[in-house]
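Colleague: This is the structure alone, sequence omitted:
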């Protein structure tokens, strides 16, 4: 019976993953900052990220008072990013996105005032363009899995411009892919230390949340779960209102079959944003893996209540009656066992 339940759950989860990929949806995250030509943050800019393969799939958001924006739900593939703000020229960029929780994908944009002419190039701009070309080469090498060559490009940029310490993240991602975990941790830590010095706190730079999560994943790969928990806790403690971070940490634990920890972080994501359907869905699956059908039903029913038109809703509606049968059977078995033990006790007392 237990093997049948496990197989049933595996089929359902497999179907969900296939459905996600067919719709152009995923679990990837992208974020950035919107600035004006002078580097001042811009609030209220509209950001639209559209999948070029699945034209019907797009995500939208608005930059906050720090100019920051963030979106989750991207699968790997080509995207168009359109940024608009009244009084500024529309900005359109094409990107090739790679869905990985371990890579901090950051896309910062600068908007020009309407009617303003592009600035004339000067030596400083030419130097910046040269560094940008090196960065593009490094990122291309990373995408092509030439990680050692990519590291060399990133180091070349940092030699010319040591202030670009953010490239430590890029190098760390390369080291991680090469399974040089100690070097990856060290590069991530250099970045964190510089943020702490330059900005006074990790809380001032949202990318540190992804970096800490990556360090946690590496620690799990090194079979050091206690250290992993420290990194994950530090990430969530520094960004207690970031439901996406808590959700991503939960997903990491879930994929590692550490279901109890996954449940804890799904609950944190729900506590931060009670109207977000996805954590309820994943919480339901986590409880299902533990065989706690009543709690699984609670999560799945809440998901349906919040997202009745979600593409996954029909699958969940079909799943719920089966789970209700399993929950009832479990309850009946528990009642029979309790009655047997109680009757046995009474017989022994009478004897």
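Modeller: On my side now, so go ahead. Being a predicted model, the structure only gives us computed values, none of them experimental. Numbering: from 1, shown residues only.

Colleague: Checking the residue nearest the centre of the chain next. Helix, strand or coil?
Modeller: Centroid-nearest residue in the chain: residue 248, 4.3 Å away (criterion: C-alpha atoms, centre = their mean). Judged by DSSP: H, G, I helix; E, B strand; the rest coil, the three-state class of residue 248 is helix.

Colleague: Flag every buried residue along stretch 161-170.
Modeller: 165-170 (16 or more other C-beta atoms under 10 Å). For the C-beta atoms, the positions are set from N, CA and C on the backbone; glycine is no exception.

Colleague: ditto for stretch 174-190
Modeller: Within stretch 174-190, judged by 16+ other C-beta under 10 Å, the buried ones are 174-177, 180-181, 183-185, 187-188, 190.

Colleague: ok, the closest residue to residue 222 other than its chain neighbours to residue 306 distance?
Modeller: Spatial nearest neighbour of residue 222, excluding adjacent residues (C-beta to C-beta, 6 or more residues apart in numbering): residue 181 at 5.6 Å. Distance, residue 181 to residue 306, using C-beta to C-beta, to the nearest Å: 39 Å.

Colleague: so what's residue 145 up against?
Modeller: residue 177 (C-beta atoms under 8 Å, 6 or more residues apart in numbering).

Colleague: Quick one: low-confidence residue ranges for this protein.
Modeller: 1-27, 54-56, 98-105, 116-130, 332-351 (pLDDT under 70).

Colleague: So which residues of it form strands?
Modeller: 25-36, 46-51, 58-62, 68-74, 77-84, 91-97, 109-111 (DSSP state E).

Colleague: Mind putting those into a markdown table with distance to residue 131 and mean neighbour count?
Modeller: Listed next are the strands of the chain as a markdown table, based on distance: least, C-beta to C-beta, whole Å; neighbours: other C-beta atoms under 10 Å:
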| stretch | distance to residue 131 | mean neighbour count |
| --- | --- | --- |
| strand 25-36 | 18 | 20 |
| strand 46-51 | 25 | 20 |
| strand 58-62 | 29 | 14 |
| strand 68-74 | 24 | 20 |
| strand 77-84 | 21 | 18 |
| strand 91-97 | 18 | 14 |
| strand 109-111 | 16 | 18 |
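
Colleague: Could I get these in TSV, plus columns for distance to residue 207?
Modeller: Listed next are these as TSV, based on distance: least, C-beta to C-beta, whole Å:
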stretch	distance to residue 207
strand 25-36	7
strand 46-51	17
strand 58-62	17
strand 68-74	10
strand 77-84	17
strand 91-97	16
strand 109-111	16
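
Colleague: right, so of those strands, which gets closest to residue 285?
Modeller: Proximity to residue 285 (C-beta to C-beta) singles out strand 25-36 among the strands of the chain, at 13.5 Å.

Colleague: list the helices and strands the closest one packs on?
Modeller: strand 46-51, strand 68-74, strand 109-111, helix 243-255 (3 or more C-beta pairs under 8 Å, 6 or more residues apart in numbering; DSSP states H and E).

Colleague: of the buried residues of stretch 174-190, closest to residue 68?
Modeller: residue 188 (20.7 Å).

Colleague: For residue 222, see how far away the closest residue to the closest one other than its chain neighbours is.
Modeller: Nearest residue to residue 188 in three dimensions, chain neighbours excluded: residue 172, at 4.5 Å (C-beta to C-beta, 6+ apart). The gap separating residue 172 from residue 222 is 14 Å, by C-beta to C-beta.

Colleague: mind listing the helices for the stretch 201-350 of the chain?
Modeller: 207-221, 225-238, 243-255, 259-272, 277-289, 293-306, 313-350 (DSSP state H, counting those that start in this stretch).

Colleague: Ok, which of those comes nearest residue 60?
Modeller: helix 243-255 (15.4 Å).

Colleague: can you state the direction angle for that closest one and helix 277-289?
Modeller: 20 degrees (axes from the mean of the first three to the mean of the last three C-alpha atoms, to 10 degrees).

Colleague: quick one: the residue nearest to residue 222 and residue 175, what's the gap?
Modeller: 7 Å.

Colleague: Over to residue 261?
Modeller: With C-beta to C-beta as the criterion, residue 261 and residue 175 are 26 Å apart.

Colleague: sorry, back to before: now the helices of the stretch 201-350 of the chain in a markdown table, with distance to residue 154?
Modeller: Converted to a markdown table, those look like this (distance: least, C-beta to C-beta, whole Å):
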| stretch | distance to residue 154 |
| --- | --- |
| helix 207-221 | 15 |
| helix 225-238 | 23 |
| helix 243-255 | 24 |
| helix 259-272 | 31 |
| helix 277-289 | 34 |
| helix 293-306 | 41 |
| helix 313-350 | 43 |
